[in-house]
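Trainee: Sequence and predicted structure, then a few things I'm wondering about:
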Amino acid sequence: MRMNRPRVLIVRAPGTNCDEEAARAWGLAGAYPETRHVNELLARPDALDEFDAFTLPGGFSHGDDLGAGRILATRLATVLGDSLRRLVERGGLVLGICNGFQVLVKAGLLPGGTTKTDVSLAGFAPIEATLTHNDAGRFESRWTRLAATPGHCPFLRGLETLELPVAHGEGKFVARPAGALAALESRGQVVLRYIDHAGRPTEVYPDNPNGSAGGVAGVCDSTGRIFGLMPHPERFVNVIQHPRWTRRDRPLDEPGDGFRIFQNAVEALV
Amino acid sequence: MLWHVDISLAEGRAESEQRRLIAEAEELGLHGPWRITAGRGFLLEGPLDERDVARAADAVLVDRVVESRVITRCGVDARLSDADCAHTAVVHVTRKPGVTDPEAHSAATLLRDLGFAVENARCVRTYRIDGPRNAIARLVAKVLANDAVEHATTGAITIDRLGEGSKYRFERVVAKIRGLDDDALVNVSRAGGLALSLEEMRAIQAHFDALGRDPTDCELETLAQTWSEHCSHKTLRGKVEIDGRVVDNVLKSTIFEATRALNLDWLVSVFSDNAGVVRFDDEFDVCFKVETHNHPSAIDPYGGANTGIGGVIRDPLGTGLGAKPICNTDVFCVAPTDWPPDGLPEGVLHPRRILKGVVAGVRDYGNRMGIATVNGAVAVDAGYLANPLVFCGTVGVLPRGMSEKHVESGDRIVAIGGRTGRDGIHGATFSSLELSGESDSLSGGAVQIGDALVQKTVLDVVLRARDRRLFRAITDCGAGGFSSAVGEMAAESGAEVDLDRAPLKYEGLSYTEIWISEAQERMVLAAPPERLDELLALCRDEGVEAHDLGRFTDTGRLVLKYEGNVVADLAMSFLHDGRPAVVRRAAYRPAPFVPIRVDTTRDWSRDLLRLLGHWDVCSKEWIVRQYDHEVQARTVVKPLVGVRDEGPGDASVVLPAPGSFRGLAVACGLNPRFGKLDAYAMARLVIDEAARNVVAVGADPSRIALLDNFCWGNPERPETLGSLVRAAEGCRDLAIEYGMPFISGKDSLYNEYRHEGTSHAIPPTLLISALGQVPDVRRCVTMDLKARGNLLYVIGTTRDEFGGSLWAEIAGNSGCGRVPRVDAAVSRSTLHAMHAAIVRGLVRSCHDLSEGGLAVALAEMAIAGDVGAEVSLAHAPFEEVEPREPGTAASNDRALLFSESPSRFVVEVEPGLAAAFEGVFRDLPCARLGMVGAETDGVPRLLIRNARGETLVDLPVDTLRAAWKSTLDW
């Protein structure tokens, strides 16, 4: 049984706090999740070679000190680069949720990927991106509507619109230089956007909770195999986690929208 | 060398920060025009040159995509740049030396790991201000910095080092108390901030006389901490003479008595551990604790609330062998936020600043801990001006069979987590004194700021160590620090502690300071010696500091040593049982009855809008959204419900055991307006409200556990203590009648402020928290109206009892009217019937009636459902209790709309289930009110008519929503 289940490494750092629900979501979707402390991985980075997928869950790694994800990104980037490249090259997947997305961006793995050869605008300076403080200036929890444009990102295959909660203070995606965002969009790397009631990508609060240009909520690298998003798919695997399930808008036996992201990933791996 | 890395904020953030600061200045009467550019930054100390600092800054301190930075060298010859000289002022704010600065600590650690020679770091906020010069000083003091914990520098930064602490040289200090007369004894207590009474000082003197020696400073401090009101609750455990009768141990004869009398088999550990524990299912127990952190929050709202939530999280973690915290609650009581800024007594912060500060404090700690904050409340009353109240609660889950702990002689005393500093020294004795205008300067040391990251790592390690059985007992370091934690754990045995083994934040602490420091994020474990190495290794792997401080013994003595010198040697029996019993006098008289001045010509629609905008009713979305209320993915009924995720849910529901559908509903009840009139009635009313809140979402009324938090004034005043005793008796009586046990509680007394010779006490305030068990969360119900055409019912009898009601307050009738009564028999049956109806799936929405009565409940349900409703009050069960003044017209309208009679619900039922629903309530007061779905020209409205068919309320739902949301729209 376990032979057919993809092995997923979930890494927890000081301040990570969504590791248990991320492991549950992977497990429900049919994967075999294992959670390890980052110190263990830093001591032996090639442990990653035993896994099919790598997940950086949400939380406040290192307390969000020096900017969300910055410290963990700095620690991982110096040690884990080769292992992650091998993982992606052999068809593995990398998922960063909320703080995990912030880590991937600040480590340069998003939008650049592990090779970082495809990150520059033709003839111009390299694309640099960050996730910075919400325009509202404070942490906020709320449910958002999202539109997926999966392209070749396996996590989002077959998904069009979905609802997921966000809970962050630093979720505004900014890329530079000018034109960088358009370049990412044209390459199909902007795969998840906040939308308004009419289903259009939005920059308007609160449908867009942080002020991200173009409504960016999630991006992938050029291979589609490294994916990061601010919303929390692991918090919506069962319909009773939806804020309006008591209104009976959705059947009680339907899985949550977030579950399908994990299910897609497992299908892509087996 | 000291360097300043001055970092500009990202565009959007700079603007929102400027808007926030200017708004706060204007609210406090500091009128501009202002331009305030906020920046962040770091001071870095070490043998670094400018290139090193630039590399360090770009590597980890600055986000170069959105920020820019300037590096300057600090020191006596530092000057502002020309650009900065053009501003009215440039102000830098740093935390005072010794105050926790976690981000600076992270920066220094990471930079050292990357090879930079950083010795010390501190965070700086820099404000470049243009505005009226004469208001700058007040702007800095009132808006930009808090003098209790922060230091503001105007102009260039001219210090050249971040000195912290200097070497401590051991000297054994003896407190000479033998032979002192009474006055001198009182002086020793006062001068040392010990809060010990004369009787207590005499008892200590007699004890040491018998031993033929004087106590050391450390022994005296240990006794003061252990005997403090905060730690020993000596008032409520003492003797009280009230109106001719004697109550021996108020807590035992009231709160504990209810639990004892009920003798329920699902209670696991009550009133004995850091949190009360009850059985949840075959695999798990759950526990709950609610604490207050009032005095620190008055002086530093952010730090006070921050360490308040941090402290209560350690309670479940220190319960049994360690429970995993799964959700938090928070309740704030503040003065009206539109208080005139120039009408504040000396040393008192503006209520708006307090509320913003405490919300931010809970947010930053709770979110970082990864614990969902799911329930809370805000109450506003002028009586909280100088004494705001901050209640924080935490629910935990632990595997069955792990609720008991014990220590064995020879077990190692292991301290894990944060280092010890001067933080919070005298917190326990400080909270047992009244505040005064000088409190902020006198008690700065009692204020602390938390470091949630440290505590999160402690949490992670404790649960892993628990599952590997690496310790036999655990408790948290709360008030009194090591002295309380070790003193309690070793109460039955004895302990020997080497204080010099405790890791310090900085040098210079004396042995006594180490022993009583209330530095945050520390836990004490009793580890069997053979498991010690494994425990220390686990902590090392997870990056948590752990130190072996000594051992538990069987000598019955508490022995403290510093560098081998004995600095305390106390008999545990004297420490825990030597305190002379407190005897206090109490008297109780409920407020005299004053009839409501009837006004028959009021505009009820206008009253409803005012009630919706009242602080106790209005939308708290601005607060709730700043908390992560879903982390851990357990929250299946959110705090905000309905079509737009904005409706005020009665209770939240969480899943303690993912995979199972059995849930926990968490809610509270609090109403100081009742407390001012009749403390006994208040206790019953707030229990009823808390219970109804959890039943309204689906909790089983036979599985509800209660927690009490009494916040009162100075109990040495007989009337104050009298109302406290009566409230406790109210708790006992209704808990027994409802069959709902108390499992834990806490009292906070001396919530008074001394100003110009008079003492101002808070209104008697009782928070009841309810933890209800939901058999199957898939049956849960929310309060938002669901569908047009469904029927609306009111359950329960309305009486014209307006005492303490919100309507009486807005109608200029504060203090008038009868305080509502709880009819326990009917109420209890109602709760059980409601649960039966919910379990059978007969209820589409359900809302409890509280502040503002039926009209407010209906309005909230319509707002949440974004749909209208048409209601007639003709058949609503009504009972007249207040004598009508001669010549006044008979009218139930006002009472049916706004009375706050307890034990009532509004329920929405599908027409096809109406007969079954009515069947469940056939022997109880229940009436059909009307229907969901009124609208005019497509605009949903709330329409309420009286028995004569006259329209009492007719308002668009959007108007209701606007009134409800406008108050707290910061």
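Mentor: Done, it's in.
Trainee: Flag every residue of the stretch 101-250 of chain A that's near chain B.
Mentor: The stretch 101-250 of chain A comes close to chain B at residues A:128-130, A:132-143, A:165, A:167, A:172, A:174-176, A:211, A:232, A:234-235, A:237, A:240-241, A:243-248, as judged by Cβ under 8 Å from any Cβ of the partner chain. In short, each C-beta sits where N, CA and C put it, glycine included.
Trainee: taking those residues one by one, which sit in strands?
Mentor: When DSSP state E is applied, these are split such that A:128-130, A:132, A:140-143, A:165, A:167, A:172, A:174-176 fall in strands.
Trainee: Give me the phi and psi for residue 255.
Mentor: Just so you know, I chose chain A. Reported as degrees, to the nearest 10, the phi and psi values for A:P255 are phi -70, psi 160.
Trainee: my question was about chain B
Mentor: Backbone geometry at B:I255, expressed as degrees, to the nearest 10, gives phi -60, psi -50.
Trainee: Quick check: chain neighbours aside, which residue is closest to it?
Mentor: B:F742 (4.9 Å; Cβ to Cβ, 6 or more residues apart in numbering or on different chains).
Trainee: Quick one: the helices in the stretch 1-150 of chain A, in order.
Mentor: Remark: helices assigned in the stretch 1-150 of chain A by DSSP state H, counting those that start in this stretch are A:19-28, A:38-43, A:70-89, A:99-106.
Trainee: Highest mean neighbour count out of those helices?
Mentor: helix A:99-106 (a mean of 29; mean count of other Cβ atoms under 10 Å in any protein chain shown).
Trainee: For chain B, which residue gets nearest to chain A?
Mentor: Nearest to chain A, among the residues of chain B, is B:G370, at 2.4 Å (Cβ to the nearest Cβ).
Trainee: okay, the closest residue to that residue other than its chain neighbours: pLDDT?
Mentor: Closest residue in space to B:G370, ignoring its immediate chain neighbours: A:N17 at 2.4 Å, by Cβ to Cβ, 6+ apart. On pLDDT, A:N17 comes in at 96.
Trainee: show me the contacts for A:N17.
Mentor: Going by Cβ atoms under 8 Å, 6 or more residues apart in numbering or on different chains, A:N17 touches A:P57, A:G58, A:G59, A:F60, B:R368, B:M369, B:G370, B:K456, B:V631, B:Q632.
Trainee: Please tell me which one of these counts the most neighbours.
Mentor: In terms of neighbours by other Cβ atoms under 10 Å in any protein chain shown, the contacts of A:N17 top out with A:G59 at 31 neighbours.
Trainee: so that one bridges to which residues?
Mentor: A:T16 (DSSP bridges).
Trainee: Run through the stretch 1-150 of chain A and note the low-pLDDT ranges.
Mentor: Applying pLDDT under 70 to the stretch 1-150 of chain A flags residues A:1-3, A:116-125.
Trainee: Tell me which residue of it lies closest to chain B.
Mentor: For the stretch 1-150 of chain A, Cβ to the nearest Cβ, closest residue to chain B: A:N17, 2.4 Å.
Trainee: who touches the residue of chain B closest to chain A in this structure?
Mentor: B:G370 makes contact with A:T16, A:N17, A:C18, A:G59, A:F60, B:K456, B:D628, B:V631, B:Q632, according to Cβ under 8 Å, 6+ apart.
Trainee: which among the residues you listed gets closest to A:D196?
Mentor: Using Cβ to Cβ, B:D628 comes nearest to A:D196 of the contacts of B:G370, at 23.9 Å.
Trainee: Give me the neighbour count for the closest residue to B:Q520 other than its chain neighbours.
Mentor: Spatial nearest neighbour of B:Q520, chain neighbours left out: B:G450 (4.8 Å); criterion: Cβ to Cβ, 6+ apart. Neighbourhood size, B:G450 [other Cβ under 10 Å]: 29.
Trainee: how about B:G450, what does it touch?
Mentor: Applying Cβ under 8 Å, 6+ apart, we find B:G450 in contact with B:T100, B:G303, B:N306, B:T307, B:G310, B:Y365, B:Q520, B:E521.
Trainee: and B:P902, helix, strand or coil?
Mentor: In three-state terms, and counting by DSSP: H, G, I helix; E, B strand; the rest coil, B:P902 is coil.
Trainee: And it, how close does it get to B:E241?
Mentor: According to Cβ to Cβ, to the nearest Å, B:P902 and B:E241 sit 32 Å apart.
Trainee: what about the two, which has more around it?
Mentor: Of the pair B:P902 and B:E241, B:P902 is the one with more neighbours under other Cβ under 10 Å, namely 28 against 15.
Trainee: Tell me the confidence at the more buried one?
Mentor: For B:P902, the predicted pLDDT is 97.
Trainee: Then the one 10 residues further on?
Mentor: If you check B:G912, the pLDDT there is 98.
Trainee: and what of B:G445?
Mentor: B:G445 is given a pLDDT of 57.
Trainee: Which stretches in the stretch 251-400 of chain B count as helices?
Mentor: B:255-262, B:294-299, B:301-317, B:351-369.
Trainee: one step back: my read is that the residue nearest to B:I255 contacts B:E257, right?
Mentor: No. If you go by Cβ atoms under 8 Å, B:F742 and B:E257 don't touch, sitting 9.4 Å apart.
Trainee: Check whether A:G63 really touches B:P102, as I assumed.
Mentor: Yes. In this structure A:G63 lies within contact range of B:P102 using Cβ under 8 Å: 5.9 Å.
Trainee: Neighbour count for the two, which is higher?
Mentor: A:G63 (23 against 20).
Trainee: could you measure that one against B:Q448, distance?
Mentor: Applying Cβ to Cβ, the value for A:G63 to B:Q448 is 16 Å.
Trainee: Next: A:R225.
Mentor: 46 Å.
Trainee: Neighbour count: these two, which is higher?
Mentor: Between A:R225 and B:Q448, counted using other Cβ under 10 Å, the more crowded position is B:Q448 (29 against 24).
Trainee: tell me the contacts of that one?
Mentor: Contacts of B:Q448 (Cβ under 8 Å, 6+ apart): B:T100, B:P296, B:G303, B:T307, B:D423, B:G424, B:G427, B:E518, B:A519, B:Q520.
Trainee: Tell me the bridge partners for the spatially most central residue of chain B.
Mentor: Most central in chain B under Cα atoms, centre = their mean is B:F391, positioned 2.1 Å from the mean C-alpha point. As for beta bridges, B:F391 partners with B:T292, B:V331 under DSSP bridges.
Trainee: Tell me, what's the model's pLDDT at it?
Mentor: Turning to B:F391, the model gives it a pLDDT of 98.
Trainee: Same check on B:R884?
Mentor: 68.
Trainee: which stretches of the stretch 801-950 of chain B form strands?
Mentor: With DSSP state E, counting those that start in this stretch as the criterion, the stretch 801-950 of chain B has strands at B:845-848, B:869-872, B:878-879, B:905-909, B:926-932, B:935-936, B:939-945.
Trainee: and these, which is most packed in?
Mentor: Of these, the one with the most neighbours on average (mean count of other Cβ under 10 Å) is strand B:845-848, at a mean of 28.
Trainee: tell me what that one is packed against?
Mentor: Contacts defined by 3 or more Cβ pairs under 8 Å, 6 or more residues apart in numbering or on different chains; DSSP states H and E place strand B:845-848 against helix B:679-697, helix B:853-865, strand B:905-909.
Trainee: Apply 6 Å and report the result again.
Mentor: helix B:679-697, strand B:905-909 (3 or more Cβ pairs under 6 Å, 6 or more residues apart in numbering or on different chains; DSSP states H and E).
Trainee: Please enumerate residues in contact with it?
Mentor: Here strand B:845-848 makes contact (Cβ atoms under 6 Å, 6 or more residues apart in numbering or on different chains) with B:650, B:692-693, B:696, B:781, B:783-786, B:857, B:861, B:905-908.
Trainee: what's the nearest residue to the residue positioned nearest the centre of chain A if we skip its chain neighbours?
Mentor: The centroid of chain A falls nearest to A:G228 when counting by Cα atoms, centre = their mean (2.3 Å). In space, and not counting its chain neighbours, A:G228 is closest to A:F101: 3.3 Å by Cβ to Cβ, 6+ apart.
Trainee: Good, wrapping up.
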